[in-house]
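Novice: give me coordinates for this.
(one chain, ligands or ions: 1)
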Amino acid sequence: MFPDKFEYYAPKSIEEAAKFLNGHEDAKILAGGQSLIPLLKLRFTSVPEIVDIGRIRGLDEIKLRGNTLEIGAMARTGEIADNVSIRGKFPVLSEAAGHIADPLIRNMGTIGGDLCHGDPANDFPAVMLALDAEFEISSADRKRTVKAEDFFLDTFATALEPGEILTKIKIQDTGSSGRYMKYKKYAGDFSILGIAVNLLLDGKEVKKCGIGLTNCGATALKAKEAEKFLEGKEISDENIAKAAELLLKVADFMDDDNGSVKFKEKLLKYLFVKAVKGIGGVHK
Ligand SMILES: Cc1cc2nc3c(=O)[nH]c(=O)nc-3n(C[C@H](O)[C@H](O)[C@H](O)COP(=O)(O)OP(=O)(O)OC[C@H]3O[C@@H](n4cnc5c(N)ncnc54)[C@H](O)[C@@H]3O)c2cc1C
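Specialist: Numbering: from 1, shown residues only. Modelled structure (predicted):
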């Protein structure tokens, strides 16, 4: 099916895009189009104007500035999966990127679009929660920074207000390491469940712990109790098992075509143990 008619606008700068969005409340930003275009083509939604931010220079940059990784909102999923700095310093992020959809979609889809879409089955949000990322947001009259944990509000609902554009993702390099575990039915599928675990270790002791959950509720979830429990503790089978139980307190599962609540609880615990034990330096 063809989408309903819309006006197409391709600004050259964030300022130009923000100015346009300010006067056009119902306009939609187009990034990689991998979520928005199917919705338009199936006529699940229609919009009067599309603002294509794909021609704004520099918005796809990935840079390590000192101890801060900066990722432009238009950075493609495939580039994030392949980026050498990200692989070395934030393996949980490159691993998740490599599990998203298939190479065609990874070549087009962007990290900004994946985060702003607000789909609880998207993989990047959980990683951002585990890495305590911060998001830079611009609009016509202000710039603000929002923590990942304050960004994901509900299914397809984020902290973005009308007229706002996510411009940059910032992540601190603390010397931590992590894994992303995803369970899906077929290659290229969305997660039935996913979990991002990021640990800063001192020998066997956990100094800092970040855990984000994919598709375990209405939105991506930060497993704060399990994080707090592991901090200051040694990595042991007993502590991992106790933290795994705490994950179930935050998860909000339903029986559906992907499986029963019981199955999902078991799966989440299994993926968590696998992630923790797979983090570099934990098991020698
Ligand atoms: C078959 C298929 C399988 C997929 N599998 C997965 C998967 O396994 N895991 C996964 O995570 N994703 C998956 N996706 C989704 C994919 O990652 C999309 O690329 C992503 O959800 C949206 O990114 P995009 O750049 O294409 O954004 P778009 O589709 O262009 O936009 C998505 C939404 O975000 C808004 N938006 C985009 N950028 C910004 C911005 N900078 N500021 C404010 N708002 C913005 C748009 O207005 C729109 O509402 C899949 C998609 C398909 C079609």
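Novice: residue contacts, whatever residue of the stretch 151-284 of the chain ends up closest to the ligand?
Specialist: Going by C-beta to the nearest ligand atom, the ligand is nearest to Leu166 of the stretch 151-284 of the chain, at 3.7 Å. Using the backbone N, CA and C atoms, a C-beta is placed for each residue, glycine as well. When contacts are counted by C-beta atoms under 8 Å, 6 or more residues apart in numbering, Leu166 is found next to 73, 112, 115-116, 135-137, 160.
Novice: which among those residues count as buried?
Specialist: Buried positions within the contacts of Leu166, assessed by neighbour count (16 or more other C-beta atoms under 10 Å), are 73, 112, 115-116, 135-137, 160.
Novice: what is the burial count for Pro120?
Specialist: Burial measure for Pro120: 22 neighbouring residues, criterion other C-beta atoms under 10 Å.
Novice: I'd say it and Thr214 touch.
Specialist: Yes: using C-beta atoms under 8 Å, Pro120 is in contact with Thr214, at 7.2 Å.
Novice: any common contacting residues for these two?
Specialist: Joint contacts of Pro120 and Thr214 (C-beta under 8 Å, 6+ apart) are Ala220.
Novice: ranges for the strands of the stretch 101-250 of the chain?
Specialist: Secondary structure of the stretch 101-250 of the chain (DSSP state E, counting those that start in this stretch): strands located at 134-138, 143-147, 152-154, 157-158, 165-172, 177-183, 193-202, 205-214, 221-222.
Novice: is any part of the fourth one close to the ligand?
Specialist: It stands for strand 157-158. No: in this structure, strand 157-158 remains apart from the ligand according to C-beta under 6 Å from any ligand atom; the gap is never smaller than 8.2 Å.
Novice: residue numbering should commence at 32 henceforth.
Specialist: Done: numbering now begins at 32, and the last item shifts to strand 188-189.
Novice: what's in contact with that strand?
Specialist: With contact meaning C-beta under 8 Å, 6+ apart, strand 188-189 is reached by 146-147, 149, 182-183, 250.
Novice: identify the farthest-apart pair in the residues you listed.
Specialist: Of all pairs drawn from the contacts of strand 188-189, the greatest distance, 12.6 Å, lies between Cys147 and Thr250 (C-beta to C-beta).
Novice: dump the contacts of Leu197 into TSV; add distance to Lys174 and pLDDT as well.
Specialist: Converted to TSV, those look like this (distance: C-beta to C-beta, whole Å; pLDDT from 0 to 100):
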residue	distance to Lys174	pLDDT
Ala104	13	98
Gly143	15	98
Leu146	17	98
Cys147	16	98
Phe166	11	98
Glu167	7	98
Ile168	7	98
Leu191	13	98
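Novice: can you tell me which of those comes closest to Pro69?
Specialist: Checking those against Pro69 by C-beta to C-beta gives Cys147 as the nearest, at 15.6 Å.
Novice: nearest spatial neighbour of that closest one, chain-adjacent residues omitted?
Specialist: Taking C-beta to C-beta, 6 or more residues apart in numbering as the measure, Cys147 lies nearest to Leu197, with 5.5 Å between them; neighbours along the chain are not counted.
Novice: ditto for Met285
Specialist: Nearest residue to Met285 in three dimensions, chain neighbours excluded: Val292, at 6.8 Å (C-beta to C-beta, 6+ apart).
Novice: cool, and Arg175?
Specialist: Ranked by C-beta to C-beta, 6+ apart and with sequence neighbours excluded, the top spatial neighbour of Arg175 is Ile168, at 5.3 Å.
Novice: that neighbour bridge partners, please.
Specialist: Using DSSP bridges, the beta-bridge partners of Ile168 come out as Arg175, Leu197.
Novice: what pLDDT is listed against Val313?
Specialist: Confidence per residue is given as pLDDT, and for Val313 that number is 42.
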